[in-house]
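K.L.:
what shape does this take:
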Amino acid sequence: MSFLSNLFWGVRVLLALFGAACVALVVAIAQPVHAPPTLASLYKGATSIDQAGLPELSRFQARDRTWLAYRLYPAKGGAQDRLAILAHGSSGSSEEMNAAAHVLAEAGVNAVSMDVRGHGASGSRGDIGYIGQLDDDLADLVAELRKSYPAAKLTLIGHSAGGGYALRIAAGPVGALFDHFVLLAPYLGYTAPTNRPSEGPGRWAEPDLPRIAAIAALEQIGVDWPQTLPVIAFANAPNARSVTPRYSFRLLANYGPPRDWKGAIEATKDRVEIIAGANDELMDADGYKNAIAPLGMRVTILPDVDHIGVVYQPEALKAIVATFGE
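P.N.:
Take a look at the predicted model:
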């Protein structure tokens, strides 16, 4: 009887797990992801970025044989000693960093603006192959660029979600490839003290939290195919160009900050600095000053600069160039 009791108990447990997995799967796929209303201030800022002199796309082949895109801005005068890789914000593309890349090139810094995989002309828009693929892509891009710039000091610059991604890279193994990191209005995570409430003028993204939870639960029992499903949509204008309107679970998990933002900052503060705008409608400038600066990281807050302005407004461009010293 003991054997039969144990067998029946095991069967009940398996059935319960199967039932829970079925419920999670239904939750994961039941409802489509809906975008919030257009965030007018971000759209206005994005359309204000000067696209003059936008270079043609260059391409390199990542380790999975996919061709990924970037734009190259050679340094004025042919300098070879400094190189910056720029990562755009959520939903964006390499075009977002055009003004910043141009001003760096004028200052003698070779600049490379990425179409991060899942964006622009890189891969399948809105998705990647696996969590961690963006880190592999970045390492592959560095290896490609080292063919032309073998001795250049290397900086990673990221804006918004790209800034959070840059911090995660800084604290991980790929961070050893870089000398310096600049985070522009970085998104540091859902619970970070640098976020403004995600509503009203600051409602940029609409995550499907039940779907995210369901997919995470399924991952724990080895079911990972739902990670291809979209789980967050962005407040883009219907006619916005070169944008990625939604992210899959695995793209969202990979393109953003580390889980322990504070630990990452404490571990990398000597190589990382932050620039943000006092008028940022998504991020809280006081949060950067009060929560980040006391950890020993250099934080620069620019008056009259908003979230998108930090990548194109004149004072922001001067601040970005200043991070490279003389």
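K.L.:
for the rest of this, base every contact and every neighbour count on C-alpha atoms.
P.N.:
OK.
K.L.:
so where's the stretch 151-300 of the chain shaky on pLDDT?
P.N.:
198-202 (pLDDT under 70).
K.L.:
which residues in it form helices?
P.N.:
161-170, 209-220, 249-254, 261-268, 285-287 (DSSP state H, counting those that start in this stretch).
K.L.:
please apply the same query to the stretch 1-150 of the chain.
P.N.:
In the stretch 1-150 of the chain, the helices defined using DSSP H, counting those that start in this stretch lie at 2-30, 40-48, 98-106, 133-145.
K.L.:
ranked by average pLDDT, which of the ones you listed falls at the bottom?
P.N.:
Lowest mean pLDDT within the helices of the stretch 1-150 of the chain: helix 2-30, a mean of 51.
K.L.:
picking up where we left off before, determine which stretch of the helices of the stretch 151-300 of the chain is the most buried.
P.N.:
helix 161-170 (a mean of 28; mean count of other Cα atoms under 10 Å).
K.L.:
can you pull out the strands in the stretch 101-250 of the chain?
P.N.:
Assigned by DSSP state E, counting those that start in this stretch, the strands in the stretch 101-250 of the chain fall at 110-114, 153-159, 180-184, 205-207, 230-234, 246-248.
K.L.:
looking at those strands, which is closest to residue 260?
P.N.:
Taking Cα to Cα, strand 180-184 is the member of these nearest to residue 260, at 16.2 Å.
K.L.:
give me the contact list for stretch 292-302.
P.N.:
The contact list for stretch 292-302 (Cα atoms under 8 Å, 6 or more residues apart in numbering) reads 265-266, 269-270, 272-278, 285, 288-289, 315-316.
K.L.:
could you export the strands of the stretch 101-250 of the chain as CSV, including mean neighbour count and distance to residue 57?
P.N.:
Below are the strands of the stretch 101-250 of the chain laid out as CSV (neighbours: other Cα atoms under 10 Å; distance: least, Cα to Cα, whole Å):
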stretch, mean neighbour count, distance to residue 57
strand 110-114, 28, 9
strand 153-159, 25, 19
strand 180-184, 26, 23
strand 205-207, 20, 28
strand 230-234, 25, 25
strand 246-248, 25, 23
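K.L.:
turn those into a markdown table, including distance to residue 104.
P.N.:
Conversion of the strands of the stretch 101-250 of the chain to a markdown table gives the following (distance: least, Cα to Cα, whole Å):
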| stretch | distance to residue 104 |
| --- | --- |
| strand 110-114 | 7 |
| strand 153-159 | 11 |
| strand 180-184 | 13 |
| strand 205-207 | 30 |
| strand 230-234 | 29 |
| strand 246-248 | 30 |
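K.L.:
please name the residues that touch the nearest residue to residue 72 once chain neighbours are set aside.
P.N.:
In this structure, residue 72 finds its nearest non-sequential neighbour in residue 112, 4.7 Å apart by Cα to Cα, 6 or more residues apart in numbering. Neighbouring residues of residue 112 by Cα under 8 Å, 6+ apart: 70, 71, 72, 73, 83, 84, 85, 86, 101.
K.L.:
highest neighbour count among these?
P.N.:
Neighbour counts for those, by other Cα atoms under 10 Å, peak at residue 101, which reaches 32 neighbours.
K.L.:
surely that residue is in contact with residue 114?
P.N.:
No - with contact defined as Cα atoms under 8 Å, residue 101 does not count as touching residue 114 (10.7 Å).
K.L.:
hey, what's in contact with both of those two?
P.N.:
Shared contacts of residue 101 and residue 114, counting by Cα under 8 Å, 6+ apart, come down to residue 86.
K.L.:
so who does residue 89 touch?
P.N.:
Residue 89 touches 96, 158, 159, 160, 161, 162, 163, counting by Cα under 8 Å, 6+ apart.
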